[in-house]
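Trainee: heads up, no residue letters with this:
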């Protein structure tokens, strides 16, 4: 196997002092050949005279390219000449290129490859998820078309074929409009080979096969570019040790360190919410200047606690956290939530302080949530160990959705919106800085939590990929959907100018590919995160993307159908038998195919909506039903709700209501939908987005409770 460390070229002057270098073209081609990546016959030379000799040996016609670390977009820089057919043409092109580029520039003489379609296949070593593989259309137009698919490497042949099928221009590969079809077998094998190369060689930061010329009888990589890392730049990952989180989520005893009578202070608000929402274990307040706070047993110090609490909550200034953890560790405490800010989020001084609290925790075998967290809420035990203002609410509805957030403030807001829908949650963790426990640890525990049926996440980054991967797989094995809204994006990439792949496979693209491979349902906005969480915690997931639509408005039918098309859902035609059954239920002038328009006759016969819903649910070609209402009002809206609820109860299929009218017009019908666990969304676009995200996920079969 080629050793890239010994064959790497010295970087160009502007690339020196960087943690990467370009592998010379000969070594890159050699490694590509070892993995079965087909390249044309070629030779690297340094003088125009040698280019003429090499061209004669290779055979005309040839292509000539300038090769240097800083030359990526060769065509637009005049660094490539194609279809050279004699020695005079080669010498002239080589002379011009040598004169055009200052400094040492090699020349690549290559047998001219011909084909019908240009592709790009590349790999990139992502700092979070490791090697990823990319395939796209375009060749020299790759970054303009931006028609690319990314997966974690390595991929199988079946996965490579799936990637090709997902390209927007996939029809071109099959010979659309009379064009020759590409050799899909050879193309998929090249994708597999590139992904294996990246997985086998951790020093390969980026690999570009661009363009990859596709013919009916094979493919040829006419440009192979590899960027390698220097040893110091390789990313080391920690493997998060398994955490026993019962003490965090279900503590039998809890102490608030920094408790206060003043509910405006962190320690005061924290204690206030614990008492207000009925924490059922032993609760202690630690404050050297008080004897009793909100009815809790109050002690002057950690050492004075009468028991070793399962959990301590630290709400002190940053300078007091290390001594508090030291005292708690000596007492035997093994779990702590550190609410205090002023750690790694504030820079170098905070980094040092965060390292100190980790050292203390490690010394005593203590696990930490935080620091810089808004806390943990666990409703099965009525434990609201948080300072989130959402818990000013008098009632905190329980449900089956767990929420993990890398923002405490946004987490509390999402919970309040969840309550607004009539749904509830089981657990919430504001993960804070994740100095110790991280997303993967909490997710792993929730995968086995009987009170949780679905896990939703607001994430900015994943710090411990192996642990996160393990947790996602565990949740999937338990049949629990995992949803994610990913925010934040990294810089376009320090090496974007050096590689097409780096420019195309940015942070968001890689996260999308990684989350998909782990079975996570990724949504594009926070509202959809809430909508899908409610849908999947209340309803069985759609087994497919075939949607039945029933409405009392032709315009609403059209809007809903358009939204389905926009989001990749199908609105199938009904069978003649189904249409005949619908015709028996609706006026003669109604539309009886899918979407079904029951017309404004619904104001006289509101039960039609539910009866048509029943027919649609019974059809094998329908996976879910969208009931699309405009401005119906109680009391007729109540009758609509009754019949829709009755129909939904007869089949283990998804039913969602989109209702455009104001809520105050139909309060009773909305209450009934909520009691029946049928989501009601205010607009068709929201309803369809939620259905599209839910397709193929969650448990099928019997309806789940919320």
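Mentor: Thanks, I have it. Every value quoted in this text rests on a predicted model; they were computed, and no experiment measured them.
Trainee: Per-residue confidence, residue 225, what does it come out as?
Mentor: Looking at residue 225, its pLDDT is 88.
Trainee: which phi and psi does it have?
Mentor: In terms of degrees, to the nearest 10, the main-chain angles of residue 225 are phi -130, psi 130.
Trainee: wouldn't it be in contact with residue 22 here?
Mentor: Yes: counting by Cβ atoms under 8 Å, residue 22 is a contact partner of residue 225 at 7.4 Å. C-beta coordinates here come from the backbone N, C-alpha and C atoms, glycine included.
Trainee: So residue 277 sits against residue 390, correct?
Mentor: No: counting by Cβ under 8 Å, residue 277 sits too far from residue 390 to count as a contact (11.2 Å).
Trainee: Of those two, give the one with the bigger neighbour count.
Mentor: Per other Cβ atoms under 10 Å, whichever of residue 277 and residue 390 has more neighbours is residue 390, with 22 against 19.
Trainee: For the more buried one, which non-adjacent residue is closest in space?
Mentor: Nearest in space to residue 390, with sequence neighbours left out and distances taken as Cβ to Cβ, 6 or more residues apart in numbering, is residue 412 at 4.0 Å.
Trainee: tell me what the helix or strand hosting that neighbour is packed against?
Mentor: Counting by DSSP states H and E, the element that carries residue 412 is helix 408-420. Contact here means 3 or more Cβ pairs under 8 Å, 6 or more residues apart in numbering; DSSP states H and E; on that basis helix 408-420 packs against strand 398-405, strand 425-430, strand 454-459, helix 526-538.
Trainee: got a list of contacts for it?
Mentor: Here helix 408-420 makes contact (Cβ atoms under 8 Å, 6 or more residues apart in numbering) with 373-375, 377, 386-391, 393, 396-397, 399, 401, 403, 405, 424-425, 428, 430, 432, 456, 458, 526, 529-530, 533-534.
Trainee: Enumerate the positions of it that are buried.
Mentor: 408, 410, 411, 412, 413, 414, 415, 416, 417, 418, 419 (16 or more other Cβ atoms under 10 Å).
Trainee: and if you look at stretch 636-656?
Mentor: Neighbour counts over stretch 636-656 (16+ other Cβ under 10 Å) mark 636-645, 647-648, 651, 653-656 as buried.
Trainee: and these, which of them are in strands?
Mentor: If you go by DSSP state E, the buried residues of stretch 636-656 have 654, 655, 656 in strands.
Trainee: Kindly state the beta-bridge partners for the first one.
Mentor: Think residue 654. Beta bridges link residue 654 to residue 624 when assigned by DSSP bridges.
Trainee: hang on, it packs against residue 625?
Mentor: Yes: contact between residue 654 and residue 625 holds when scored by Cβ under 8 Å: they sit 7.2 Å apart.
Trainee: Could you list the buried residues of stretch 521-537?
Mentor: Buried residues in stretch 521-537, counted by 16+ other Cβ under 10 Å: 521-523, 527-537.
Trainee: residue ranges with poor pLDDT in the stretch 451-600 of the chain?
Mentor: Low-confidence regions of the stretch 451-600 of the chain, defined by pLDDT under 70, span residues 488-506.
Trainee: any chance you could map the helices in it?
Mentor: Taking DSSP state H, counting those that start in this stretch, the helices of the stretch 451-600 of the chain run over residues 465-477, 500-504, 507-517, 526-538, 554-566, 576-583.
Trainee: Looking at the protein, which residue reaches furthest from the middle?
Mentor: Going by Cα atoms, centre = their mean, the residue of the chain most distant from its centre is residue 88, 54.7 Å out.
Trainee: the strands in the stretch 51-200 of the chain, which residues?
Mentor: Per DSSP state E, counting those that start in this stretch, the stretch 51-200 of the chain carries strands over the ranges 62-67, 80-84, 106-111, 117-126, 130-137, 148-152.
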